[in-house]
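Enquirer: could you work out the structure for the sequence below:
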Amino acid sequence: MSAPRLSNIASRAHALVQDRIVSGMGWMAGAELTIRVTRLATTILLARLMTPEIFGEAALALATFEIIRLFNENGLAAAVIRAKTSELAQVAEAAYRLSWIIAIALTLLQIGVGSLAAILSGRAELFWLIAALAGVYLFMPAGCVHAWMIMRREGMARMAGVNAAQLIADNGLTIALAFAGFEVWAIVLPKLLTAPIWLVGMAWGRPWTRDRGVKPAAFQPLLRFCGPVLVSELIGGLRLHADKLVVAALFGLEAAGIYFFAFNAGVGLSSAISTAFNRVVYPRFCKAADEPGGLRQSHGQVLRAHAPAFSGLFFAQSLAALFYVPIVFGASWAASAGLVAILCLSGAVRLFGEASLLALRADGAPGRECAGAALLASASLVGLVMGSSWGLGGAAAGYTAGIALAAAAISHITLSHLARSRTTGVALP
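Expert: Purely as a prediction, here's the structure:
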């Protein structure tokens, strides 16, 4: 290889290392991986200390909390991050007030669901478990705008550190309480007890100072933006879980268990990359949207450089799965290695579609983003059903192919939209 070519490769590698997206990805992915390692260790210890019945009660309470919490991904964060500088104070004040309304509503909803669960199951303790988790929502409004301002400034190191500290404390408390004999409360109570860690971490240094003299932005434009974002997030949540239900319906519970294992051993281990990628890319898109043509240029750069680079990690894991699955999970799971490898590829192609959806959100087109999310979800499930004729491996391949085709279509549509769009910031009346 010639010296000029080596020099060119070295300069590109240096630029990639210095890139803020790569730097942010490193912090976020590192925190996610740390969280997953501590969570795995906690799960192993709990399995030795608790009965399946205790796990069942905890799972029901936590599942209720996670489902209701989806409504907290309501687009207010996206609105603050992408607001024009001249309108930021008004948008932040409106988002702060709306966040309190939403938090109180979710608290009451969870308490109501807890009452219903206790009545239907005949287990009074379920009410207290679910109601205790409702208290987490009341910590969020005091810190949410601070968190969104940190994300707006691309402060991913701080976000990663606070999230990791909270989850590590959660897992540590869970183990301590389990050894102390708290049984099911050892799993549930730490979620509430560690909420102040997140609040203090986000509000420390006051990234946002509330000015009570600022007139808040009108709620109606914000809600018009946030509504489709919420629907998009709900569709994304559906996409992450509906495939397991479809597999169970098509192949039975045993096959669904194998698929669930393969998904977690494949995409589950790499989801830290996807989560980190999305959290880092969106603020960058919002900042680029302030310049004419900037969002289109930034989106194109992500599709050409960053998404392929990080997709390469999924491809590497796909190849490695053929070797690490039988070693890490045991010989009984060796036959699932091919399935794990196929599902890893779905994570690689999904990055392109999700990056394009975030570009639409940054451009103030949440309706188009919602339609794109629906396309991504439906294409993956249709592909899964069509591939099921060739067994579980065919279903996984169809699932991956559906995501790939949808991601390509969404990327093309987004590029065309950004070529015509001139919209930036949250429009105020």
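Enquirer: leaving out chain neighbours, which residue sits closest to Y282?
Expert: Once flanking residues are discounted, Y282 sits nearest to L358: 4.7 Å by CB to CB, 6 or more residues apart in numbering. C-beta here means a position set from N, CA and C on the backbone, and glycine is covered the same way.
Enquirer: go on, F285?
Expert: A362 (3.7 Å).
Enquirer: residues contacting the one you found?
Expert: By CB atoms under 8 Å, 6 or more residues apart in numbering, A362 lies in contact with A78, R82, Y282, F285, C286, A288, A289, L295.
Enquirer: do R158 as well
Expert: Taking CB under 8 Å, 6+ apart, one finds I150, G201 in contact with R158.
Enquirer: contact partners of stretch 351-360?
Expert: With CB under 8 Å, 6+ apart, stretch 351-360 has contacts from 232, 274, 277-278, 281-282, 285, 295, 298-299, 302-303, 306-307, 310-311, 314, 366, 368-369, 372-373, 376, 403, 406-408, 410-411, 413-415, 417-418.
Enquirer: shaky segments in this protein?
Expert: 1-50, 52, 55-56, 59, 241, 253, 264-265, 267-272, 328-329, 422-429 (pLDDT under 70).
Enquirer: need the strands for it, in chain order.
Expert: Assigned by DSSP state E, the chain shows no strands.
Enquirer: give me the most central residue, it.
Expert: T275 (4.9 Å; CA atoms, centre = their mean).
Enquirer: tell me how the chain divides into domains.
Expert: 20-217, 218-429 (automatic domain parsing).
Enquirer: nearest to H146 among the contacts of A362?
Expert: Using CB to CB, A78 comes nearest to H146 of the contacts of A362, at 16.1 Å.
Enquirer: now for that closest one: which residues touch it?
Expert: F225, C226, V229, Y282, R361, A362, P366.
Enquirer: the fourth one contacts V302, doesn't it?
Expert: No. Here Y282 does not reach V302: they are 10.6 Å apart, not a contact under CB atoms under 8 Å.
Enquirer: identify the spatial nearest neighbour of L322, chain neighbours not counted.
Expert: A337 (5.0 Å).
Enquirer: sorry, slip of the keys, the one I care about is S298.
Expert: Distance criterion CB to CB, 6+ apart; nearest residue to S298, sequence neighbours excluded, is A288 at 3.7 Å.
Enquirer: and E183, by the same measure?
Expert: Counting by CB to CB, 6+ apart, E183 lies nearest to I54, which is 5.5 Å off, once chain neighbours are set aside.
Enquirer: so the one you found touches G181, yeah?
Expert: No. I54 lies out of contact with G181 (CB under 8 Å); the separation is 11.6 Å.
Enquirer: for the two, indicate the residue with more neighbours.
Expert: Ranked by neighbour count (other CB atoms under 10 Å), I54 and G181 place I54 first, with 17 against 9.
Enquirer: just list the residues touching the more buried one, thanks.
Expert: E183, V184, I187.
Enquirer: quick one: the first one from T107, how far?
Expert: Applying CB to CB, to the nearest Å, the value for E183 to T107 is 25 Å.
Enquirer: the last one too?
Expert: To T107, I187 is 20 Å away according to CB to CB.
Enquirer: these two: which is more packed in?
Expert: Regarding I187 and T107, a neighbour count based on other CB under 10 Å identifies I187 as having more, with 25 against 18.
Enquirer: quick one: residues contacting the closest residue to that one other than its chain neighbours.
Expert: Spatial nearest neighbour of I187, chain neighbours left out: A58 (4.0 Å); criterion: CB to CB, 6+ apart. By CB under 8 Å, 6+ apart, A58 lies in contact with L129, V184, I187, V188.
Enquirer: the same query, at a cut-off of 6 Å, please.
Expert: Shown in contact with A58 (CB atoms under 6 Å, 6 or more residues apart in numbering): V184, I187, V188.
Enquirer: same check on A118?
Expert: Per CB under 6 Å, 6+ apart, neighbours of A118: A124, L126, F127.
Enquirer: got a list of what the second one touches?
Expert: Under the criterion of CB under 6 Å, 6+ apart, the neighbours of L126 are A117, A118.
Enquirer: what's the closest non-adjacent residue to S318?
Expert: Per CB to CB, 6+ apart, closest to S318 is C344, 3.8 Å.
Enquirer: likewise L313?
Expert: Leaving aside its sequence neighbours, L313 sits nearest to I273 (CB to CB, 6+ apart; 5.8 Å).
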